[in-house]
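**Q** Model the structure of this input:
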Amino acid sequence: MNIPENKEERGKAKPAMPPEICRLRRLYIAVALASSVLVLSMVLAFTNMVNWQSMCVGLDGLVDYIVSEGGELEEPVQIEEIPLVAEEETDPVTDILFPEASELAYETRYFTVTLDESGDAVAANTAHVVTIDEATALSMGEEVAQGKARRGFVGDFRYVVTRLGGERTAVFLNVRAELASFWSFFSSSMMAGAAGVLMVLLISIPLSARAVRPVAESQAAQKRFVTDASHEIKTPLAVILSSADILEIEHGESAWIDSIRKQVGRLDSLAGKLVLLSLVDEGRGDLAKAPFDLAKLLSDKVDEFKAVALAQDRGIVLSAPPTLEYEGDRNRIDQLLGILLDNALKYSTPGSDVRVSLFKPEGGSVSLRVSNQVDCIEPGPHDEFFRRFYRADGARSSTGGHGIGLAVARAIVESHGGYLSANSPDSRSFEIEAVL
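**A** Prediction:
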């Protein structure tokens, strides 16, 4: 029988997407954008380079045509007067220019500068240009003569340095219209590329949600299973523990019963951590925030672990102010301190000290640092240690942990609005810092 949906449930907003799924979506969008930018950049670069090269070839053909005419296009050239040549000897540039050759004298703006062998300008012919006077023409001629390039651009002019009538001559062609056309095409192509990237962004945002949906659903199902299993396992654990107590009453103390209690305690601790992680992931890990003395809580926690440290041939050195007022969930912070101290003692080298420091800069956040010596570790940040069930190597697996403690620690710190980081400055030491 179908049960009608509750109106309040229908009105509820969708739960927030988990942080790891949000990071996956951002990665998807970033990869899509980076790929589109790379492809569009290559296409636009190739297109504009070809356009520029084509423009230069056409302009050089026109400049060479002026040179071939002796630097003068005063008399219109009639097409029928041009001698026919064999097809294989035809210049493609001339083929393009000759159909309009009769108009070149009226459309082309150019001037020539005669140079001596030392590079000084000795004469200028500016009869075919109105925007350049003789003094400017001579100055431009000397400028290109001092350079090593035979062809190039000077302002709005394309030039070539050649021999004309036995004299060294620089021919300048006004190409302002061609340059304006090129830069107009360049600007348009850049705007088209930017529009393409924007379209990819707008398309990738909804597509990313669809792409990560199977991952999100699988993760949600996995978390529900972990939460349900963690809750369900507590009942048989309680029964096992009660049975162990009854056995101890009837038969007395036994190493087997102590082992049962120890293993039940480990399973109960793991179940509790898994439940806490699930609550935080689902946004239901409500904090009971209240002011308390964080320095006193840390000092008490260090005292609890000193006996454990001594049994493991290790020490704990504490550096903290006498008092430090902090507002947060005392129980969760207490759990955080226990996880960090337990982790440092497990993975520190025998005979070394675990160093714990607590401080709060003026106007800053509370900083808790726990460092220990290690045999060998890759220097640099180690964010991978906060992944659930992470195992760096077999040595870490032999310590008896579950690989979930630091994941719980990060969840606690982030639920208080802070962050947790791990770093090895020199490959011989390891430090975890919690900023609250």
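
**Q** CA only for contacts and neighbour counts going forward, please
**A** Fine.

**Q** in the protein, which spans are helices?
**A** Per DSSP state H, the chain carries helices over the ranges 7-11, 19-68, 92-97, 101-107, 134-146, 176-251, 255-281, 294-311, 330-347, 394-397, 405-415.

**Q** By mean pLDDT, show me the worst of those.
**A** Sorting those by mean pLDDT places helix 7-11 lowest, at a mean of 43.

**Q** and of the helices of the chain, who's closest to residue 424?
**A** helix 330-347 (13.0 Å; C-alpha to C-alpha).

**Q** Need the helices of the chain in CSV (columns: distance to residue 379 and mean neighbour count).
**A** Output for the helices of the chain, formatted as CSV (distance: least, C-alpha to C-alpha, whole Å; neighbours: other C-alpha atoms under 10 Å):
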stretch, distance to residue 379, mean neighbour count
helix 7-11, 50, 8
helix 19-68, 25, 16
helix 92-97, 64, 13
helix 101-107, 70, 15
helix 134-146, 56, 18
helix 176-251, 32, 14
helix 255-281, 29, 17
helix 294-311, 25, 16
helix 330-347, 16, 19
helix 394-397, 17, 12
helix 405-415, 19, 22
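
**Q** Can you lay out those as TSV showing distance to residue 430?
**A** What follows is these, written out as TSV (distance: least, C-alpha to C-alpha, whole Å):
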stretch	distance to residue 430
helix 7-11	48
helix 19-68	25
helix 92-97	71
helix 101-107	77
helix 134-146	64
helix 176-251	31
helix 255-281	24
helix 294-311	17
helix 330-347	9
helix 394-397	14
helix 405-415	14
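
**Q** looking at the ones you listed, which is closest to residue 170?
**A** Residue 170 lies closest, by C-alpha to C-alpha, to one member of these: helix 134-146, at 6.3 Å.

**Q** which residues are contacting that closest one?
**A** 111-115, 119-126, 154, 161, 170 (C-alpha atoms under 8 Å, 6 or more residues apart in numbering).

**Q** Looking at neighbours, which among the residues you listed is most surrounded?
**A** Among the contacts of helix 134-146, residue 170 has the most neighbours (other C-alpha atoms under 10 Å), with 29 neighbours.

**Q** Pull the contacting residues for the residue nearest to it when sequence neighbours are not counted.
**A** Leaving out its chain neighbours, the residue that sits closest to residue 170 by C-alpha to C-alpha, 6 or more residues apart in numbering is residue 161, at 4.3 Å. By C-alpha under 8 Å, 6+ apart, the contact list for residue 161 reads 144, 145, 150, 151, 168, 169, 170, 171.

**Q** Can you pull the domain assignment for the protein?
**A** Domain assignment of the chain by automatic domain parsing yields the ranges 36-180, 289-435.
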